[in-house]
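K.L.:
Compute the structure for the input listed below.
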Amino acid sequence: MEANTAEAVIDAHHHVWDLSVRDQDWITGLELAPLRRDFLLADLESEARDAGVTATVLVQTVDVPEETPEFLALARDSDLVAGVVGWTDLTSPDVARALTALRERPGGEHLVGIRHQVQGESDPHWLMRPDVLRGLAAVADAGLVYDLVVRPRQLAAAHETARSLPGLTFVLDHAGKPPVASGELRPWADAVRRLASLPNTVCKLSGLVTEADWGQWGVEDLRPYADTVLEAFGPRRLMFGSDWPVCRLAATYGEVISTARQLTSALQPAERHEVFTGTALRTYGLTVTGSPAAQDAPCA
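P.N.:
Numbering: from 1, shown residues only. All right, here's what the predicted structure looks like:
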């Protein structure tokens, strides 16, 4: 574990799950077997503090309505979790009412965004469906952001959706899941740059280690992809996320943070602050002890 000698960090993307409460049906096969156990907030807390993490954003894992209230209650009772990206059925005509109900639950003030497992949808244009667009408009009206978990083939639809809803901030999780293991940059890089051309888009520097060869990756394998999103979005629209505990398939929590620091080492101190703290504060409207959220827009 890297010593806590660098600037403070907001981890803008992690998960927790308790298999006795709910199965994670995406954890299948031998490769994912290390994840088939409970990963609780208490398991993360010591690792996060040792790595200089002062606050986190807890992100949904499965598309069921029961999970988000549980996460909000966790955030209410936690000194670490500052925000929750939850789930609601975007195709429902009652999206606005559902979002209001979530905010009225214990810990509801911690709801900062919504996410759906778009990566699992067979229709590459799912985001562009009229019922989904209506739901996303309700997310915008509620003052929340929308996290995009998509694969490269879905980035074109993400661009069209974000373009059609300029009042909603879209956060691209895991840099759009580039093909790090194969070493290919295009067409992923072209699609990411197109998405980044829209001012209402933000990107997470997260999830790269698990898109690489889990057993043999190195920092330089990730650098072309990190450089692409740094150039496309700029530090003020890029934020760090660990993707714990999924990252454990390829790296420890400390290694993920150390790698992100190496990938951003050429930035100026103020720019690194944006990647590791400022962008998450602004985008999600977080309030962290001693670090009130900035009020300006999440785009440069």
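
K.L.:
What residues sit buried inside the least confident helix or strand in the chain by mean pLDDT?
P.N.:
Lowest by mean pLDDT, DSSP states H and E among the helices and strands of the chain is helix 41-50, with a mean of 93. Under the neighbour-count criterion of 16 or more other CB atoms under 10 Å, helix 41-50 has 41, 44-45, 47-48 buried. Just so you know, the C-beta spots here come from the backbone N, C-alpha and C atoms, and that holds for glycine as well.

K.L.:
Can you tell me the element residue 115 falls in?
P.N.:
Residue 115 is part of strand 111-116, with elements assigned from DSSP states H and E.

K.L.:
After that strand, which helix or strand is next?
P.N.:
Following strand 111-116 toward the C-terminus (DSSP H and E): helix 130-141.

K.L.:
The nearest residue to residue 51 once chain neighbours are set aside in helix, strand or coil?
P.N.:
Closest residue to residue 51 apart from its sequence neighbours, by CB to CB, 6 or more residues apart in numbering: residue 257 at 4.9 Å. Of the three states, residue 257 takes helix under DSSP: H, G, I helix; E, B strand; the rest coil.

K.L.:
Now that residue 257 has come up, it's in contact with residue 9, right?
P.N.:
Yes. Residue 257 is within contact range of residue 9, at 6.5 Å (criterion: CB atoms under 8 Å).

K.L.:
re earlier: including distance to residue 195, could the buried residues of helix 41-50 go into JSON lines?
P.N.:
Formatted as JSON lines, these follow (distance: CB to CB, whole Å):
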{"residue": "41", "distance to residue 195": "32"}
{"residue": "44", "distance to residue 195": "30"}
{"residue": "45", "distance to residue 195": "34"}
{"residue": "47", "distance to residue 195": "32"}
{"residue": "48", "distance to residue 195": "29"}
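
K.L.:
Can you say which two of the residues you listed are spatially most distant?
P.N.:
Using CB to CB, the two most remote members of the buried residues of helix 41-50 are 41 and 47, lying 11.2 Å apart.

K.L.:
Tell me where the chain is predicted with low confidence.
P.N.:
By pLDDT under 70, the low-scoring segments of the chain are 1-6, 289-300.

K.L.:
Can you give me the buried ones in stretch 281-288?
P.N.:
By 16+ other CB under 10 Å, the buried positions in stretch 281-288 come out as 281-286, 288.

K.L.:
Greatest separation within those residues: which pair is it?
P.N.:
283 and 288 (13.3 Å).

K.L.:
residue ranges for the strands of the stretch 1-150 of the chain, please.
P.N.:
Assigned by DSSP state E, counting those that start in this stretch, the stretch 1-150 of the chain shows strands spanning 9-14, 53-59, 81-86, 111-116, 145-148.

K.L.:
roughly how far is the longest helix belonging to the chain from the heart of the chain?
P.N.:
Criterion DSSP state H: the longest helix present in the chain is helix 219-233. Taking CA atoms, centre = their mean, to the nearest Å, one finds helix 219-233 lying 17 Å from the centre of the chain it belongs to.

K.L.:
OK, contacts around residue 246?
P.N.:
By CB atoms under 8 Å, 6 or more residues apart in numbering, residue 246 lies in contact with 15, 35, 207, 210.

K.L.:
go again using 7 Å as the cut-off
P.N.:
Going by CB atoms under 7 Å, 6 or more residues apart in numbering, residue 246 touches 15, 35, 210.

K.L.:
What separation is there between it and residue 237?
P.N.:
Applying CB to CB, to the nearest Å, the value for residue 246 to residue 237 is 23 Å.

K.L.:
next one: residue 75
P.N.:
Distance, residue 75 to residue 237, using CB to CB: 24 Å.

K.L.:
likewise residue 243?
P.N.:
Distance of residue 243 to residue 237, given as CB to CB: 19 Å.

K.L.:
And residue 124, by the same measure?
P.N.:
24 Å.

K.L.:
out of the two, which sits in the busier spot?
P.N.:
Neighbours were counted for residue 124 and for residue 237 using other CB atoms under 10 Å; residue 237 has more, 27 against 15.

K.L.:
Now for the closest residue to that one other than its chain neighbours, which secondary structure element holds it?
P.N.:
Nearest non-adjacent residue to residue 237, counting by CB to CB, 6+ apart: residue 202, 4.7 Å away. Applying DSSP H and E as the criterion places residue 202 in strand 201-205.
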